[in-house]
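**Student:** Prediction below, plus the sequence it came from.
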Amino acid sequence: MLRMRQFRCDRKMVGAATLLSLSLVGVVSSAADAHAQVKGSQQLEADVTAASAKSPADRHGYVLGPQDALTIRVLDEDDIGEKPYTVDLNGEIALPRVGAVHVAGLTAAEVQARLTERYHAYLKNPVVTVSITEYRSQPVTLLGAVANPGVHQIEGRKTLFQVISEAGGLKQEAGNTIQITRELQYGALPLASAHSDPSGKFSVGDISVRSILKAEDPGQNIAVMPYDVITVPKAEMVYVVGAVHKSGGFVLSERSEMSVLELLSLAEGMDRTAGGKNARILRASNDSDHRNEIPLDLNKIIQGKSPDVSLRSNDILFVPNSTGKSATLRALETILSTGSGVAIYHPY
């Protein structure tokens, strides 16, 4: 009888121990689940921070458009997956549960807010993160001496000269300096010449075409950001026409002047019919559309009997032959006024 009571007592103790063990397991399991949920939430928050640090465009209002790609994560919504969502031509993305969502014209932060609101119908406290994976809708404005000026939508990461190339390249009359204006919300231009404009809203800088083409400073071929304005001014030039071997316009490059002898050298000299003693410099007048004629004896300058003469931007050196001086001058004025038929030569 005593043994029976002891057996019953042992069974009760074992049962109590088992219940206690199960309770502890439940507590530990619940704590582990809670820890995992907190850890998942913390990881998602870390992902939000990392995503926001990816690019100035993410942080400062890049406006989404067709073909942009987004990485979207929703806590406890596994059907979202890891694959980026591409904005279609209608400006929409299609997501599990919520269906089509219009995102074109919104920033990543605005999309995140919109998706959070949409997922409230399915989740108690939805935690949503949105980051831009690929930038494929970026308006960039090109002005000046490019083949196709205007607003261009570029796709993905592009450098300055890639954008210019897609716009048809530089025109012959393009100068050696390219100007870039960037909204400061996308960061300052990574150029030594960069400075803020008086309004404090834009970063402005200059780039040397020659330094890039000659690989002297390839770092100036910077990445283009949305809403950049790229301006290519026309080159400052001097012209030589008439009885020379190579007539046309010659870019002054980074200089503001060129001498008559330098220009004749670039034009490969006068031909046999040239009347060098009757040459003229045609210089624009400050107060009218007409040009003043400055007589010039090229023969004496070449022989060293007269000093060399400096030419200014837009000057025309006219070298006549023995006949047809007035007819050639009239033809020259027509060519220059229409901007056609004049070859342009660069020093690079």
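**Tutor:** Yes, it's here.
**Student:** measure residue 188 to residue 212 for me?
**Tutor:** 20 Å (Cβ to Cβ, to the nearest Å). C-beta here means a position set from N, CA and C on the backbone, and glycine is covered the same way.
**Student:** The two - which one has more neighbours?
**Tutor:** Comparing residue 188 with residue 212 by other Cβ atoms under 10 Å, the one with more neighbours is residue 212, at 19 against 15.
**Student:** Give the helix, strand or coil label for that one.
**Tutor:** For residue 212, the assignment made with DSSP: H, G, I helix; E, B strand; the rest coil gives helix.
**Student:** Hmm, it is touching residue 222, no?
**Tutor:** No: with contact defined as Cβ atoms under 8 Å, residue 212 does not reach residue 222; the gap is 10.0 Å.
**Student:** Next up, the contacts around residue 224.
**Tutor:** 138, 140, 154, 158, 159, 160, 162, 163, 230 (Cβ atoms under 8 Å, 6 or more residues apart in numbering).
**Student:** Which of the residues you listed are buried? Put it as a ChimeraX command.
**Tutor:** Per 16 or more other Cβ atoms under 10 Å, the buried members of these correspond to this ChimeraX selection:
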select :138,140,154,158,160,163,230
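**Student:** Dump the contacts of residue 224 into a markdown table; add pLDDT, secondary structure and distance to residue 123 as well.
**Tutor:** What follows is these, written out as a markdown table (pLDDT from 0 to 100; DSSP: H, G, I helix; E, B strand; the rest coil; distance: Cβ to Cβ, whole Å):
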| residue | pLDDT | secondary structure | distance to residue 123 |
| --- | --- | --- | --- |
| 138 | 78 | strand | 33 |
| 140 | 93 | strand | 39 |
| 154 | 79 | strand | 37 |
| 158 | 87 | coil | 39 |
| 159 | 92 | strand | 43 |
| 160 | 95 | helix | 45 |
| 162 | 93 | helix | 43 |
| 163 | 94 | helix | 42 |
| 230 | 97 | strand | 45 |
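**Student:** Same list (the contacts of residue 224) but as a markdown table, adding distance to residue 111.
**Tutor:** As requested, the contacts of residue 224 are exported to a markdown table (distance: Cβ to Cβ, whole Å):
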| residue | distance to residue 111 |
| --- | --- |
| 138 | 17 |
| 140 | 23 |
| 154 | 21 |
| 158 | 24 |
| 159 | 28 |
| 160 | 29 |
| 162 | 28 |
| 163 | 26 |
| 230 | 29 |
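**Student:** nearest to residue 172, of the contacts of residue 224?
**Tutor:** The nearest member of the contacts of residue 224 to residue 172, counting by Cβ to Cβ, is residue 230 at 17.9 Å.
**Student:** Tell me how far the closest residue to residue 134 other than its chain neighbours lies from residue 85.
**Tutor:** Spatial nearest neighbour of residue 134, excluding adjacent residues (Cβ to Cβ, 6 or more residues apart in numbering): residue 69 at 3.9 Å. For residue 69, the distance to residue 85 equals 7 Å [Cβ to Cβ].
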